[in-house]
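Let's see this in three dimensions:
(chains A and B)
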Amino acid sequence: MSDEARDDAPDILAKDAEVRRGDTPGGQSSVTGVAVTINKPRQELYAYWRDFSNLAGVMENVESIEVLDRNRSHWKVKGPNGLYEWDAIVTEDVEGERIAWKSAEGADVENSGWVAFSDANPGRGTVVTAAIAYEPPGGLVGKVVAKLTQKEPRIQARRDLRRLKQLLETGEIATSSPPNPAPKA
Amino acid sequence: MRALTWHGKHDVRVDTVPDPEILNPRDAILKITSTAICGSDLHLYDGYIPTMKAGDILGHEFMGEVVETGPKSTLKKGQRVVVPFVIACGECYFCGKQQYSACDNSNPADNQDIAPNLWGAAPAGLFGYSHMTGGYPGGQAEYVRVPFSDVGPIVIPDGIEDEKVLFLSDILPTGWMAAENCDIEPGDTVAVWGCGPVGLFGIQSAFVLGAHRVIAIDHFPHRLELAKQMGAEVINFEQTDVYDALMTMTGGIGPDAVMDAVGLESHGLYLDNVVDQIKASTFLGTDRPHALRQAIMACRKGGRVSVPGVYGGFVDKFPFGAVMEKGLTLKTGQTHVQRYLPGLLQAILEEKLDTTFLISDRMSLEEAPKGYAKFKNEQNECTKVVLKPDWAKATA
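Predicted structure coming up:
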């Protein structure tokens, strides 16, 4: 790495893969970062996220989240080849500002990430920034398959944050199609 | 229910489809009493707008009777309402600024993957207008689901017939906002490209907002005649070169403000337009911006360019040097319909505005495919098609 001063963009967006890895608790190679502005106070958003059981209703591919204790939760997530499971362990928790986690040993997909809450410009609510790092199941091929089936974390993270914003700002998640009556694949 | 569905270029059909349901707390269901075919529906009909799927229900100009409400809807069964074509949540930053067509929450998250790549951000959800703008089933149907029904629909008092208020859904506020975007000052001349419904309402609105002169440009004699009846001077681009005519008619200065009420399918046998048509047909370009180029070239130095016409993709040979060197201001966007509804409804009730002159054709919903073909192919006489789902039953 050079000694050149880094710019002000989050390290998870760096073109240099080493810099990206350094910004995540697990140091995985595939990293994605995405932000959304939600017109709600920082504390309220932090508290909503900190109760991980809330997130299953917002995240499209999350089948279930079982809260085991304050710092450990069990995740079941739909991926391109079926269900993936892991325990997530909170590695950092700054009240009202930041939550970071990484998967425990034995995860189907090794992953880690963080979510940060910061004040938006005056009167404009809170910026929620999320970073997700993972070792794609099936390597690069798996990543392409995931993209084709729209279960790639970058696409999912962007959609999930939009859904969170919709739910918290309007009380509902926008949809234009009736729920599929058949059980989800 | 019966609904007008899109199946491909120049292929629309009336099919039997499932009735809409309440999906979210703020939803309402309407029984459609009147709906219209919009000029922008022709862009879908002609296959210019990406992310359409076979079976999509079209229609974004509609009104009807409330027949079902979600627990958080503020509407009541039996109320008659006109619905804005733009779906807006009323809660986000943009709605707070009355920029309803920029609503951050009405476009479903899973429909927002393409728009950021094409446009940089996903706009608000629209009824019946492709999946990039939400994939919401439209109102050229017997029934429609209206999301955020506590924000958009405006209740119509009894005794006012549908045809007097139907155009509040899109073209009347669109013409009004287009004129507002001209930032008209006393003594100004405004030039309007396109004498379709939006152009004609734009002319009417420009005079209301204080324009001294309006010059209208088209090539359909009947449409130019309608513009003349509103007090506009007219230029037929098949008879006269538009730039030369405008410069001469404005004493060598150019119009103070110009309005492109044509959009991405300009007519006319011009070199740039022919090249654009070839590019569009071979997917080298998407939009045909001949009218917009001409408007920018004719606009006076320091003037305003208002673009209510719809564009969906990329514009080639855009004269940005003219915009910069003449210091033009460009204003455009899907209409913030909700912002204008109370004022425009009041103007209609006080009989200051009458929009019924525009309606040339009335049909049943079953005849809608015929209506599309006529609106597309007979633009001189066919200025607006209104569809009434109940007509078939009434005349059966």
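
drop to CA atoms for contacts and neighbour counts, all remaining ones
Will do.

residue ranges with poor pLDDT in the chain?
I went with chain A, as the question did not name one. For chain A, applying pLDDT under 70 flags the ranges A:1-3, A:179-185.

meant chain B actually
Counting by pLDDT under 70, chain B has low-confidence residues at B:266-288, B:392-396.

Could you pick out the residues of it near chain A for me?
By C-alpha under 8 Å from any C-alpha of the partner chain, the residues of chain B that approach chain A are B:21, B:23-25, B:89, B:91-93, B:105-110, B:112-113, B:134-137.

What subset of the residues you listed is buried?
B:21, B:23-25, B:89, B:91-93, B:105-110, B:112-113, B:134-137 (16 or more other C-alpha atoms under 10 Å in any protein chain shown).

quick one: residue A:10 and residue A:34, what's the gap?
Note on residue A:10: its distance to residue A:34, by C-alpha to C-alpha, to the nearest Å, is 10 Å.

swap that for residue B:159, please
52 Å.

Those two: which is more packed in?
Higher neighbour count among residue B:159 and residue A:34: residue A:34, with 18 against 6, using other C-alpha atoms under 10 Å in any protein chain shown.

list the contacts for that one?
A:129, A:130, A:131, A:154, A:157, A:158 (C-alpha atoms under 8 Å, 6 or more residues apart in numbering or on different chains).

Relative to chain B, how far out is it?
Using C-alpha to the nearest C-alpha, to the nearest Å, residue A:34 is found at 13 Å from chain B.

Please, which helix or strand holds that residue?
strand A:30-38 (DSSP states H and E).

The helix or strand that that strand is followed by vs chain B: in contact?
From strand A:30-38 onward toward the C-terminus, using DSSP H and E, the following helix or strand is helix A:42-50. No: figure legend: helix A:42-50 not in contact with chain B (C-alpha under 8 Å from any C-alpha); closest approach 15.6 Å.

Leaving out sequence neighbours, find the closest residue to whichever residue of the stretch 201-350 of chain B sits closest to chain A.
Chain A sits closest to residue B:338 of the stretch 201-350 of chain B, with a gap of 17.2 Å, by C-alpha to the nearest C-alpha. Of all residues not flanking residue B:338 in the chain, residue B:152 sits nearest, at 6.0 Å (C-alpha to C-alpha, 6 or more residues apart in numbering or on different chains).

Check residue A:131 too.
Spatially, and ignoring its direct neighbours in sequence, residue A:131 is nearest to residue A:33 (4.4 Å; C-alpha to C-alpha, 6+ apart).

Specify the local secondary structure of residue B:68.
strand (DSSP: H, G, I helix; E, B strand; the rest coil).

Look at it and say how many residues are nearby.
19.

Correct me if wrong: it contacts residue B:31.
No: in this structure residue B:68 lies outside contact range of residue B:31 using C-alpha atoms under 8 Å: 9.1 Å.

wait, what's in contact with the residue of the stretch 201-350 of chain B closest to chain A?
Residues near residue B:338 by C-alpha under 8 Å, 6+ apart: B:84, B:98, B:100, B:151, B:152.

Next: residue B:364.
Going by C-alpha under 8 Å, 6+ apart, residue B:364 touches B:387, B:388, B:389, B:390, B:391, B:392.

now, which of the residues you listed lie within strands?
B:387, B:388 (DSSP state E).

quick check, nearest of the contacts of residue B:364 to chain A?
Nearest to chain A among these: residue B:389, at 22.5 Å, using C-alpha to the nearest C-alpha.

Would you pull up how far the longest strand along chain A lies from the middle of the chain?
If you go by DSSP E, chain A has its longest strand at strand A:82-94. Computed by C-alpha atoms, centre = their mean, to the nearest Å, the chain-centroid distance of strand A:82-94 equals 10 Å.

Now the element after it, going C-ward?
Downstream of strand A:82-94, the next assigned helix or strand under DSSP H and E is strand A:98-103.

Can you spell out which helices and strands pack onto that next one?
If you count contacts as 3 or more C-alpha pairs under 8 Å, 6 or more residues apart in numbering or on different chains; DSSP states H and E, strand A:98-103 packs onto strand A:82-94, strand A:111-119.

most packed of these?
strand A:111-119 (a mean of 22; mean count of other C-alpha atoms under 10 Å in any protein chain shown).

neighbouring contacts of it?
The contact list for strand A:111-119, computed with C-alpha under 8 Å, 6+ apart, reads A:24-28, A:42, A:45-46, A:96-103, A:125-135.

Can you list the strands that it pairs with?
Paired with strand A:111-119 in the same sheet, following DSSP bridges, are strand A:98-103 (antiparallel), strand A:126-134 (antiparallel).

can I get these in JSON lines with distance to residue B:12?
Formatted as JSON lines, the strands paired with strand A:111-119 follow (distance: least, C-alpha to C-alpha, whole Å):
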{"stretch": "strand A:98-103", "distance to residue B:12": "51"}
{"stretch": "strand A:126-134", "distance to residue B:12": "43"}
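
nearest to residue B:321, of those strands?
Of all the strands paired with strand A:111-119, strand A:126-134 sits nearest to residue B:321, with 37.3 Å by C-alpha to C-alpha.

buried ones in the closest one?
Across strand A:126-134, burial judged by 16+ other C-alpha under 10 Å covers A:126, A:127, A:128, A:129, A:130, A:131, A:132, A:133, A:134.

Isn't the first one up against residue A:39?
This points to residue A:126. Yes: look at residue A:126 against residue A:39 with C-alpha under 8 Å: they come within range, at 6.2 Å.

before we move on, the earlier item: can you list the helices and strands packed on strand A:98-103 in JSON lines and add distance to residue B:351?
Shown next, in JSON lines, are the helices and strands packed on strand A:98-103 (distance: least, C-alpha to C-alpha, whole Å):
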{"stretch": "strand A:82-94", "distance to residue B:351": "62"}
{"stretch": "strand A:111-119", "distance to residue B:351": "49"}
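
Helices of chain B, residue ranges please.
Using DSSP state H, the helices assigned to chain B run over residues B:39-45, B:93-96, B:115-119, B:162-165, B:171-180, B:197-208, B:221-229, B:242-249, B:271-281, B:290-298, B:320-326, B:337-349, B:368-377, B:391-395.

possible to save the ones you listed as TSV with distance to residue B:146?
Putting these into TSV (distance: least, C-alpha to C-alpha, whole Å) gives the following:
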stretch	distance to residue B:146
helix B:39-45	19
helix B:93-96	17
helix B:115-119	23
helix B:162-165	18
helix B:171-180	19
helix B:197-208	24
helix B:221-229	33
helix B:242-249	43
helix B:271-281	34
helix B:290-298	34
helix B:320-326	40
helix B:337-349	14
helix B:368-377	22
helix B:391-395	23
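
Enumerate the residues of chain A near chain B.
Counting by C-alpha under 8 Å from any C-alpha, chain A comes close to chain B at A:39, A:124, A:155, A:159-160, A:162-163, A:165-166, A:169-170, A:172-178.

mind redoing it with 7 Å?
For chain A, the residues in contact with chain B (C-alpha under 7 Å from any C-alpha of the partner chain) are A:39, A:159, A:162, A:163, A:166, A:169, A:170, A:172, A:174, A:175, A:176, A:178.

closest to residue B:201 among those?
Lowest distance from residue B:201 to the residues of chain A next to chain B (C-alpha to C-alpha) belongs to residue A:176, with 31.0 Å.

where's the closest one relative to residue B:152, distance?
Distance of residue A:176 to residue B:152, given as C-alpha to C-alpha: 16 Å.

between those two, which one's more packed in?
The neighbour count for residue A:176 versus residue B:152, taken as other C-alpha under 10 Å, is higher for residue B:152 (25 against 20).

which residues does the more buried one contact?
By C-alpha atoms under 7 Å, 6 or more residues apart in numbering or on different chains, residue B:152 lies in contact with B:83, B:84, B:87, B:88, B:338.
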